[in-house]
Each structure stands twice: as structure tokens, then as C-alpha cells.
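K.L.:
mind looking at a prediction? Sequence and model below.
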Amino acid sequence: MGGGDERFESRLRLLGPMTLLRDGREIALPASKKTRALLAYLAASDRPVRRDHLCTMLWDMPDDPRGALRWSLSKLRGLLDGRLLADRETVALDVAGLAIDWRELRSAAKGDLASLNAAELDRLAAMTGEFIEGLDLARNEGFQAWSIAQREDVRRWRCALLAAACVRCDDGETALGHAREWVRLDPFEGKARIALIGLLEKTGRHAEVDGQRSLGVAKLREGDAFIPDALLRSFPAPESAASLAHRQNAPLPIPVVSAPAPMLTRPPLPVQQVRFCTASDDTGLAWSRVGEGPPLVKTANWLNHLEYDWDSPVWRHWIASLSRGRSLIRYDERGNGLSDWNADDISFEAFVDDLSSVVDAAGIEQFDLLGVSQGCSVSIAYAVRNPGRVRRMVLYGGYAAGWRLRQIPGEIERRNAMATLMREGWGQNNPAFRQMYTTLFFPDASHAEMDWFNELQRMTTSPANAYRLQDAFADIDVRDLLAQVGVPTLVVHARDDAVIPFAAGRALAAAIPGARFIALEGRNHLLLETEPAWTRFLNGVEDFLAEP
């Protein structure tokens, strides 16, 4: 990857205010915000986009959305030197020979950073600006949710490049600038704080070190984030060990006479390796592997995000415990997380294909399988259709028939009402619409845990995709497959689960030949680390998977 513009006659800048340059001169873009939004969306798409999807994304109104799309395309054609490719069904932008800073940043961050020399890292790390800065369409929730996700991706990519540049940069002052920017972009990342303090010491700014260490520890405590030991060095604890242990869910130290109790921090998770693959319909899927040992594959469930789950109070203890002594493989469902949001097909069969695609990409022949919520039905279908691949299967909080098929009095009406609210308010900054889901999932959660799940829902998928996913879950039906399950199976369900009825889990265990069943006391759909049911669940799973 070169450092100059010599290869390109035209450049499209999506970082900062969108700008189109030809031969070094700026070309005026259309005044219409939706036309510019259309250009940005096409520039960031890796395949042709259906016209009806663009209409829904940008012109979801009762007038003539297709006519509005045609008008915007006519305004772009003269600017793009024949790169706009459109037929009756799809539209695409031919990016060959067009330099797009967003694509360059993405390619570098997702590639092998070790292969880049220091100068190239410095150049990439210096790329600044929010994705399509100032281009917001508040009334178009689909586009707004997409642009929010792209901005978060840009932030993460920049953090990865800045982290590498801090280490590889030959000039201390330049490296220090990278560290300051990394801290600004990710104020709750302990590694960024350590890099900044190290470079302050290296460049002789000793007077600033204590202040930055104090600020860093305070910020990480504020975010309830992991505080590395290197950051705590020579820094006094402002609260008791008992208080900090309670807040960080860590065990209390054994008191030592005449010696202060040690500062307690949550141990870091092992290194996560995020990879990308494609499903059979070319939908892009993000998956990760963490830990070493026999493989355990976790099927995707309602709203996963490989990056956000990593530090969350809802999923972190799952990842830490299940990857201990194992290779834990997770992935984001199509339509959410780091996987492709523009999936044409969001259906049960597509979910099963996603699982199969990830397993094949991971290169594993036989593995244990963990299904959570609707992931249980996906796991069942995969196990039946792929005999010999699954060694043992754990199903937690699952069901064989979706909510439209369960025929529980009042459930269909309640779910339909919630779906309507979802389409209207999911992407809003006010979490009230999403809070109803959070309350159902975690009635016993703390405010911090509820706030985290509210934000996860908003950032992980768009309103349209949230609705499509819930609609697909409603019609799941694997009841005819249960008697065909031929792998040892453990079914676990909380008695007072408000999302999936306890009877649904019990029915799974009754219909799967030889299945074992564990009933847990609790109301949360997903188990939190602080509730007694978590220990019982983990012990049951560990014992079950340890069997030959």
C-alpha cells in the first residue's frame, strides 16, 4: 500500500466532511443530503445494492421513492466518470481506480498490521475525521443506524492502527501524538493509558505522568473497566478493598495483619482473534476464536457483537469461563454486530447456513455446540443435518417453536405490539423503546447492566433489522427434528424466564432422546455472574462437556 495519490485520478473522502477530488481539485457534490448519503452508502458497499433497499433506507415515504432514487442517481452520474452501475434491480459503484479513504483504513485495520512499515503506519494512523461528518438524516432511522455503526467501526479501526503506531513509530513525539489520540478515541482502554504514560516518560514529560496516571485510573473506575497493574503502580486506592471487590465482582482478599489489602482488578481475557467469512449467499459474517483446547462453538443469538460483548457485564463472564481450557468460537448473526447488515435473507434457514459457514471457516471437524435462546433451534437443526460433526450439545433458554406457533394466550398480541414499537423507536437516543426488551431479559439486573444492554441493542443492529430478526424468530419450528437428535444433549432453563417460557425448555428435554435437564432458579433470560444460578449452570456444563 503506497503513501501517495499517484495511482488515482479521483479520490472520495468519507472521513470528515465528504469530499470528491479529481486531479487534485475538489468537485462540488450535490446539495441534496440524501443524494450525498446515497453516494456514501454505495461507496461503502461491497456488492450491488437492491433498489428497494435503497428506497427503504433513504426514501421511506408514501410518495415516489423510486422516482426520488432515479433523480439522485441522475445527479451522481455526471460526477463519477461512468463508475455508477445501475440496472432495473440493483445499483453499484465501481470503485476500481477510485481512492476511498474509508476503504483504505478498513483494509489496513483488518489486515496484517505487522506487514506495514513504520512510515505507512504513521500515515494511516494520522487519518482523522468522523465517518461522513455532518451528514445525518435523523428521520431516516435505517440510514442513521448504519452511519452510527460505520462511525464506530472507524473508531475501532483507528484505535487498532494507533496502538500499532505507538509501538512501531521511530519518532517519540509522533508516537506520543498517536497515544494521545488513542486515549481520546478509547478513554476506557487501559492499554491506551499505559502507552501514553510510557511515551510521556520516554519523551521526558515526567511532570505529566502522575497526572495522566491519576486521570486514567479515575476514568477506568468510572467506566467499571479493567485497570491494569502497570497503571496502578504507585497509585493509592481511594476506596476500600471490600467496596472495590463488590463493584468489580471480584473475590475479597484474605485480610493480612499490618498490611494493606491489595487493589483488586478483573483479570484480562485471553486474546481474541476476529475473522471474516461469507455464507453461501455471500453475506459477510464475523467470527472469532479465543482460548486453546477442544473447540466449543456458540451459536449466535438475539443481538451479539464480538467487540462489545468482550467487555460487557452481560457476556464477559460467559466468554471468560467457557474459553477456559477450550477454544471458544463465536460469531455475529447476519444483520447485526460486525456481520453484514445488508443481508437480503434473514430467515431460520439462513441462520443455520451461517453456523455451517463459520464452522467450515474455522476448519474444525468435530466440536461441542452451545445454543442460547433461538440459537438452540439453530443448533438442533445443524446437529440433525450434519451427523458426526457435533460431539455434545448444550441448549440454554431455548425453544423448538417460535412465538407465533406456541399459541400462548396473549403472547402474539404482546409481541406484535412490541414489534411496532421497535420499528418506531429502536434507533432513538432515548432508550425507552429498548428498555422493554431489557426489562424482560434482565429483570434482576443492576442499572449499569441494564444501561449496557440498552446501548448494545441500539449499536448492534438497525431498527429494520431488529424487526426482521424478531419476525424470523417467530416462525422457527424444529419440533419434527427433536426425535432425530442423536448427540448427547443437556437442556438448561430458568424457571421464571420472562422471554422464553420454562415449559418450552422442558419440552425440548422431553422430546430429545436421552436429554438431561437442569432447572435453574431465576428470572433473567441470560445468566448474570452475580446470581447463584450462574455457578450451577457453569458446573453442570463443565461436568457434561468433560464426559467422553
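P.N.:
Alright, I've got the coordinates.

K.L.:
buried set for stretch 37-46?
P.N.:
37, 38, 39, 40, 41, 42, 43, 44, 45 (16 or more other Cβ atoms under 10 Å). To be clear about C-beta, it is placed using only N, CA and C from the backbone, and glycine gets the same treatment.

K.L.:
contacts for it next, please.
P.N.:
12, 14, 18, 29, 49, 54, 57-58, 69, 72-73, 76, 84, 91-93, 95, 100, 102-103, 132, 135, 137, 140, 143, 146-147, 150, 284, 342 (Cβ atoms under 8 Å, 6 or more residues apart in numbering).

K.L.:
in helices, which of those fall?
P.N.:
Judged by DSSP state H, the contacts of stretch 37-46 include 54, 57-58, 69, 72-73, 76, 102-103, 143, 146-147, 150 as members of helices.

K.L.:
could you list the buried residues of stretch 486-498?
P.N.:
If you call a residue buried by 16+ other Cβ under 10 Å, then stretch 486-498 has these buried ones: 487, 488, 489, 490, 491, 492, 493, 494, 497.

K.L.:
now do the first one against residue 135, distance only.
P.N.:
Read that as residue 487. Per Cβ to Cβ, to the nearest Å, residue 487 is found 50 Å from residue 135.

K.L.:
only alpha carbons, please: show stretch 185-200 as PDB.
P.N.:
Taking Å, rounded to 0.1, in the frame of the first residue of the first chain, the C-alpha atoms of stretch 185-200 are listed here in PDB:
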ATOM      1  CA  LEU A 185     -10.900   7.700  21.000                       C
ATOM      2  CA  ASP A 186     -11.000   4.900  23.600                       C
ATOM      3  CA  PRO A 187     -10.800   6.500  27.100                       C
ATOM      4  CA  PHE A 188     -11.800   3.300  28.900                       C
ATOM      5  CA  GLU A 189      -8.900   1.200  27.300                       C
ATOM      6  CA  GLY A 190      -6.200   0.500  29.900                       C
ATOM      7  CA  LYS A 191      -3.600  -0.300  27.200                       C
ATOM      8  CA  ALA A 192      -4.000   3.100  25.700                       C
ATOM      9  CA  ARG A 193      -3.400   4.800  29.100                       C
ATOM     10  CA  ILE A 194      -0.300   2.600  29.700                       C
ATOM     11  CA  ALA A 195       1.000   3.500  26.200                       C
ATOM     12  CA  LEU A 196       0.500   7.200  26.900                       C
ATOM     13  CA  ILE A 197       2.300   7.100  30.200                       C
ATOM     14  CA  GLY A 198       5.200   5.100  28.800                       C
ATOM     15  CA  LEU A 199       5.700   7.600  26.000                       C
ATOM     16  CA  LEU A 200       5.400  10.600  28.300                       C
END
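
K.L.:
from here on, count from 41
P.N.:
OK, 41 is where the count begins now, so the last one is stretch 225-240.

K.L.:
next one: that stretch to chain centre, how far?
P.N.:
Here the centre of stretch 225-240 is set off from its chain's centre by 23 Å, with Cα atoms, centre = their mean, to the nearest Å.

K.L.:
quick check: mean pLDDT of that stretch?
P.N.:
Averaging pLDDT along stretch 225-240 gives 88.

K.L.:
and for stretch 560-578?
P.N.:
Averaged across stretch 560-578, pLDDT comes to 92.

K.L.:
picking up where we left off before, just give me the closest of the buried residues of stretch 77-86 to residue 562.
P.N.:
residue 84 (42.2 Å; Cβ to Cβ).

K.L.:
do you know how far the closest one is from residue 54?
P.N.:
7 Å.

K.L.:
now list whatever residues contact both of those two.
P.N.:
Taking Cβ under 8 Å, 6+ apart as the criterion, residue 84 and residue 54 both touch residue 142.

K.L.:
now do stretch 565-577: distance to the chain's middle.
P.N.:
On Cα atoms, centre = their mean, the centre of stretch 565-577 falls 22 Å from the chain's centre.

K.L.:
how far does that stretch stretch from start to finish?
P.N.:
One end of stretch 565-577 sits 13 Å from the other (Cα to Cα, to the nearest Å).

K.L.:
in the stretch 191-340 of the chain, which spans are strands?
P.N.:
312-318, 324-330, 335-338 (DSSP state E, counting those that start in this stretch).

K.L.:
so which bits of the last one are buried?
P.N.:
Okay, so that is strand 335-338. Burial within strand 335-338, assessed by neighbour count using 16+ other Cβ under 10 Å, is assigned to 335, 336, 337, 338.

K.L.:
from residue 154, how far out is residue 216?
P.N.:
Distance, residue 216 to residue 154, by Cβ to Cβ: 22 Å.

K.L.:
between the two, which is the more surrounded one?
P.N.:
residue 216 (20 against 7; other Cβ atoms under 10 Å).

K.L.:
what are the neighbouring residues in contact with residue 138?
P.N.:
If you count contacts by Cβ under 8 Å, 6+ apart, then residue 138 has 48, 50, 51, 52, 123 around it.

K.L.:
the same query, at a cut-off of 10 Å, please.
P.N.:
By Cβ atoms under 10 Å, 6 or more residues apart in numbering, the contact set of residue 138 is 48, 49, 50, 51, 52, 60, 83, 120, 121, 123.

K.L.:
worst-scoring helix or strand of this protein, pLDDT-wise?
P.N.:
None of the helices or strands of the chain scores lower by mean pLDDT, DSSP states H and E than helix 281-287, at a mean of 36.

K.L.:
return the distance of the nearest residue to residue 388 once chain neighbours are set aside relative to residue 543.
P.N.:
In this structure, residue 388 finds its nearest non-sequential neighbour in residue 516, 5.2 Å apart by Cβ to Cβ, 6 or more residues apart in numbering. Relative to residue 543, residue 516 is positioned 16 Å away (Cβ to Cβ).

K.L.:
more neighbours: the two, which one.
P.N.:
residue 516 (24 against 12).

K.L.:
I'd say that one and residue 390 touch.
P.N.:
No: taking Cβ atoms under 10 Å as the definition, residue 516 is not a contact partner of residue 390, at 12.0 Å.

K.L.:
common neighbours of these two, please.
P.N.:
Common neighbours of residue 516 and residue 390 are listed as residue 418 (criterion: Cβ under 10 Å, 6+ apart).

K.L.:
and residue 407, how many neighbours does it have?
P.N.:
Residue 407 has 19 neighbouring residues, counting by other Cβ under 10 Å.

K.L.:
oh sorry, the question was meant for residue 572
P.N.:
Per other Cβ under 10 Å, the neighbour tally for residue 572 reads 11.

K.L.:
nearest residue to it in space, please, no chain neighbours.
P.N.:
residue 561 (7.3 Å).

K.L.:
shouldn't residue 268 be in contact with residue 238?
P.N.:
No: judged on Cβ under 10 Å, residue 268 makes no contact with residue 238 at a distance of 11.7 Å.

K.L.:
average pLDDT for stretch 162-169?
P.N.:
Regarding stretch 162-169, the rounded mean pLDDT is 90.

K.L.:
how long is that stretch end to end?
P.N.:
End-to-end distance of stretch 162-169 (Cα to Cα): 16 Å.

K.L.:
at which residues are the helices of the stretch 341-490 of the chain located?
P.N.:
In the stretch 341-490 of the chain, the helices defined using DSSP state H, counting those that start in this stretch lie at 346-350, 356-362, 388-402, 415-425, 443-446, 451-465, 472-481, 487-500.

K.L.:
most neighbours per residue, which of those helices?
P.N.:
helix 415-425 (a mean of 24; mean count of other Cβ atoms under 10 Å).

K.L.:
now it: average pLDDT?
P.N.:
On average, helix 415-425 scores 98.

K.L.:
now that helix and helix 388-402, what's the angle there?
P.N.:
Per axes from the mean of the first three to the mean of the last three Cα atoms, to 10 degrees, the angle that helix 415-425 makes with helix 388-402 is 70 degrees.

K.L.:
how far does helix 415-425 sit from the chain's center?
P.N.:
23 Å.

K.L.:
again, but for stretch 55-74
P.N.:
The answer for stretch 55-74 is 31 Å, by Cα atoms, centre = their mean.

K.L.:
what is the mean pLDDT for it?
P.N.:
pLDDT averaged over stretch 55-74 gives 92.
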